[in-house]
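Peer 1: Following is a predicted model, sequence given first.
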Amino acid sequence: MRLLLLGGTEFVGRAVAEDAVARGWDVTVFHRGRHPAPAGASALLGDRLAPGGLAALDEGEWDAVVDTWSAAPTAVRDAARLLAPRAGRYAYVSSRSVYAAPIAVGSNEDGPVVDGSPDAAGTDYAADKRGGELAALDAFGDRALLVRAGLILGPYENIGRLPWWLGRIARGGPVLAPGPRDQPIQYIDVRDLAAWTLDAVQRELAGPYDLVGPSGHATMGGLLEACVQATGSDAELRWTDPGTILAAGVQPWVELPVWLPPGEDHDAMQRSDVSKALGTGLRPRPVEDTVADTWAWLQDIGGTAPQRPDRPVVGLDPEREAAVLNARA
């Protein structure tokens, strides 16, 4: 397989590139040159937002394209139109954020989606992802695969969610653990996303697929306990009622990454039906493996995870954490 990756040097793109290289595929990554290309991949340089920035893609043929773009849909539109005559399939890594609220428990790919346009310059994450989907569909039709990812964790994470928990728990001491302990979480290991996506383009799957593990594959307790185990920390997880945390003004998801209190937001994010992806080969690995491998990667790079400049820094300030723990006591 000849694979073109639009991106391919960070997080999802890098995981896809490394998996494809390991399969023996001929891999080309198109990127801006800010990070080194993965070992074994060829590189083409360009900035898809700049005038003439796609010039490096004017020639060449590929069996499949994987696009991880997450901003202005016009970038997907222009690349997809350029490549449609010379590429077999186009996999666009989208997001479950494209579904319109309220999202019902057990929702799947048939749920209503937000409005979006392939001609939008980029204003809103959900609308931008939907616009990117429409751009891929406009250019490739039934050769387009829409990978609607949920929460993504694992090595190379540049959002900071799992790296923050690992770093906090590695410091040890009492840790504010947001309850309920047995509350299900729904996420996808980036390597499982990469493997499924490459299998899917090889099998010529098309249309939308929600790419996230089944609800209950892991729990908040399982995730944080795996962090304690991986780091070898003496951390004491102090499970705290959601009401206490919310009363203190702590922001779910942002200050306490991954966690959402019971309710509508949790159900929308953490209780979707992913039987379509499971039926086509998605095999989520145990949460312990995701956590341990992310910790090993962090140690390899000196303990500090990269941070995407277009995403907010996540995590709870130590003084705020201490105040909530004291109130809890």
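Peer 2: Perfect, I can see it now.
Peer 1: Could you count how many residues lie near Leu325?
Peer 2: 17 (other Cβ atoms under 10 Å). Bear in mind the C-beta positions are built from the backbone N, C-alpha and C, glycine included.
Peer 1: before we move on, what about Asp293?
Peer 2: Counted by other Cβ under 10 Å, the residues lying close to Asp293 total 16.
Peer 1: quick one, what contacts the nearest residue to it once chain neighbours are set aside?
Peer 2: Spatial nearest neighbour of Asp293, chain neighbours left out: Pro155 (5.5 Å); criterion: Cβ to Cβ, 6 or more residues apart in numbering. Pro155 sits next to Ala15, Val190, Arg191, Asp293, Thr294, Ala296, Trp297 when contact means Cβ atoms under 8 Å, 6 or more residues apart in numbering.
Peer 1: repeat for Gly131
Peer 2: With Cβ under 8 Å, 6+ apart, Gly131 has these contacts: Pro73, Val76, Gly116, Ser117, Pro118, Asp119, Ala120.
Peer 1: Tell me the spacing between it and Gly141.
Peer 2: Distance from Gly131 to Gly141, counting by Cβ to Cβ, to the nearest Å: 17 Å.
Peer 1: need the helices for the stretch 201-329 of the chain, in chain order.
Peer 2: 220-231, 242-247, 264-270, 275-279, 287-300, 318-328 (DSSP state H, counting those that start in this stretch).
Peer 1: out of the ones you listed, deepest packed?
Peer 2: Of all the helices of the stretch 201-329 of the chain, helix 220-231 has the most neighbours on average by mean count of other Cβ atoms under 10 Å, namely a mean of 21.
Peer 1: Ramachandran coordinates for the residue lying closest to Gly8 once chain neighbours are set aside?
Peer 2: The spatially closest residue to Gly8, leaving aside those adjacent along the chain, is Val29, at 3.2 Å (Cβ to Cβ, 6+ apart). Dihedral angles of Val29 (phi, psi; degrees, to the nearest 10) stand at phi -110, psi 130.
Peer 1: ok, Val29 touching Thr9?
Peer 2: Yes - counting by Cβ atoms under 8 Å, Thr9 is a contact partner of Val29 at 6.4 Å.
Peer 1: Now list whatever residues contact both of those two.
Peer 2: Ala17, Ala37, Pro38.
Peer 1: For the residues you listed, could you give me TSV that also reports distance to Ala268, secondary structure and pLDDT?
Peer 2: Listed next are the shared contacts of Val29 and Thr9 as TSV, based on distance: Cβ to Cβ, whole Å; DSSP: H, G, I helix; E, B strand; the rest coil; pLDDT from 0 to 100:
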residue	distance to Ala268	secondary structure	pLDDT
Ala17	31	helix	98
Ala37	37	coil	92
Pro38	34	coil	94
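Peer 1: of all the residues you listed, which comes closest to Met269?
Peer 2: Ala17 (27.8 Å; Cβ to Cβ).
Peer 1: can I have the helix or strand bottoming out on mean pLDDT in the chain written out in CSV, keeping just the CAs?
Peer 2: The least trusted helix or strand in the chain, going by mean pLDDT, DSSP states H and E, turns out to be helix 264-270, with a mean of 87. Extracted in CSV, the C-alpha atoms of helix 264-270 (Å, rounded to 0.1, in the frame of the first residue of the first chain):
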residue,chain,number,x,y,z
GLU,A,264,-26.1,14.5,30.4
ASP,A,265,-22.5,15.5,29.4
HIS,A,266,-21.1,12.2,30.7
ASP,A,267,-23.8,10.2,28.9
ALA,A,268,-23.1,12.0,25.7
MET,A,269,-19.4,11.5,25.8
GLN,A,270,-19.0,8.2,27.6
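Peer 1: distance between it and the chain's centre?
Peer 2: Its chain's C-alpha centre and that of helix 264-270 lie 17 Å apart, by Cα atoms, centre = their mean, to the nearest Å.
Peer 1: Offset the numbering so it begins at 34, please.
Peer 2: Understood, numbering begins at 34; the last thing we discussed is helix 297-303.
Peer 1: List the neighbours of it that are in contact with it.
Peer 2: With Cβ under 8 Å, 6+ apart as the test, helix 297-303 has contacts from 129, 132, 134-138, 140, 183-184, 216-219, 248, 285, 293.
Peer 1: Narrow the residues you listed to those in strands?
Peer 2: Taking DSSP state E as the definition of strands, the contacts of helix 297-303 contribute Leu184, Pro217, Ile218.
Peer 1: Is it possible to get JSON lines of those that adds neighbour count, distance to Gly335 and pLDDT?
Peer 2: Compiled in JSON lines, the ones in strands among the contacts of helix 297-303 are given as follows (neighbours: other Cβ atoms under 10 Å; distance: Cβ to Cβ, whole Å; pLDDT from 0 to 100):
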{"residue": "Leu184", "neighbour count": "20", "distance to Gly335": "25", "pLDDT": "96"}
{"residue": "Pro217", "neighbour count": "16", "distance to Gly335": "33", "pLDDT": "95"}
{"residue": "Ile218", "neighbour count": "25", "distance to Gly335": "28", "pLDDT": "95"}
